[in-house]
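Enquirer: Fold the following.
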Amino acid sequence: MPELPEVQSVVDALRRKIIPGRRISGAAVYWAKTIAEPDPADFCRAINGRTIRQITRRGKYILFDLSAGLTLMIHLRMTGRLNWEPRDQPRNKHEHVILVLGETHTLRFQDTRKFGRIWLTAAPEKILDRLGPEPLEASFTVERFSAMLQTTNRQIKPLLLDQHFLAGLGNIYVDEALWGARIHPQRTSRSLTVHEAGNLHRAIPHVLNKGLKHLGTSLGKGKSNFYLPGNRPGGNADELNVFRRTGKACPRCGSTILRIVVAQRSSHICPDCQKKHP
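Expert: Numbers count the residues shown, from 1 in each chain. Prediction:
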């Protein structure tokens, strides 16, 4: 599933294509369930003629600020991607929503597994206000994070994956951050010392910024993999320390990296760097 670095990289790529300021002159929906709100017919009618004023991100949501007070919200989920294609390019079977922008180009939502969702709404806060803080914002201080960890006593891995607790993290960057902070994913939040909380607070933006620098993480070359608009893969896979490196040497201590399951999620750890019991 695309996480904060992948989603932000998509937003940045769309901005570079000068999509802000363009007018949406048509829309077509080929898989009705992709549109979460409103129904597909109303979606096509309401979005027609709207101007894209800016493109931003909140958590894992891509947000198009449209004229007339509407917001187009896109969640890529597991296999969603946005394709920027010429208007006369034939549609591929996995492109489920197509927006026509001007005379020459289209923006297409492709989703092999059909889990992605799109909203067109005048009240995006109904969803966005439920999200936790942004881990790359200045307001995400170590003091705030430490206090957040003390409000519950959940295992740290599923807690960091909870978008209501902290927005934008997923399996890749949680595993990488926990390795960086030398914290086992099954440790509970209240068991972390002040020093460990500080290490984790530093590790989270570090792995996210590294992902941003390399334009996200693409794992393989399949159609369901992450690609930027323009069919460009992210380059962060070679920078990963533990995620999907089962059986390889830990780059810090040389121990063999293990794959375990935590809260039904595949997790990758160094058993010597990340002790289950402090």
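
Enquirer: what about the strands in the stretch 1-150 of the chain?
Expert: In order along the chain, the stretch 1-150 of the chain carries the following strands (DSSP state E, counting those that start in this stretch): 24-29, 35-37, 52-58, 61-66, 71-75, 80-86, 95-101, 105-111, 117-121.

Enquirer: Give the pairing partners of the first one; include direction for each.
Expert: Partner strands for strand 24-29, per DSSP bridges, with pairing direction: strand 95-101 (antiparallel).

Enquirer: ok, the residue lying closest to Asp272 once chain neighbours are set aside - contacts?
Expert: Counting by CB to CB, 6 or more residues apart in numbering, Ser255 is the residue found nearest to Asp272 once chain neighbours are left out, at 4.2 Å. All C-beta atoms are positioned from the backbone trio N, CA, C, and that covers glycine. Ser255 makes contact with Ala249, Cys270, Pro271, Asp272, Cys273, according to CB atoms under 8 Å, 6 or more residues apart in numbering.

Enquirer: and which of those is nearest Leu120?
Expert: Within those, distances to Leu120 taken as CB to CB reach their minimum at Cys270, with 44.9 Å.

Enquirer: wait, isn't the closest one in contact with Arg252?
Expert: Yes - judged on CB atoms under 8 Å, Cys270 makes contact with Arg252 at a distance of 6.9 Å.

Enquirer: related to what we said a few turns ago, any idea of the pLDDT on the residue nearest to Asp272?
Expert: Each residue has a pLDDT score; the one for Ser255 is 98.

Enquirer: Ok, Ile18 next?
Expert: According to the per-residue confidence, Ile18 scores 77 in pLDDT.

Enquirer: Please apply the same query to Lys223.
Expert: Model confidence at Lys223, given as pLDDT, is 66.
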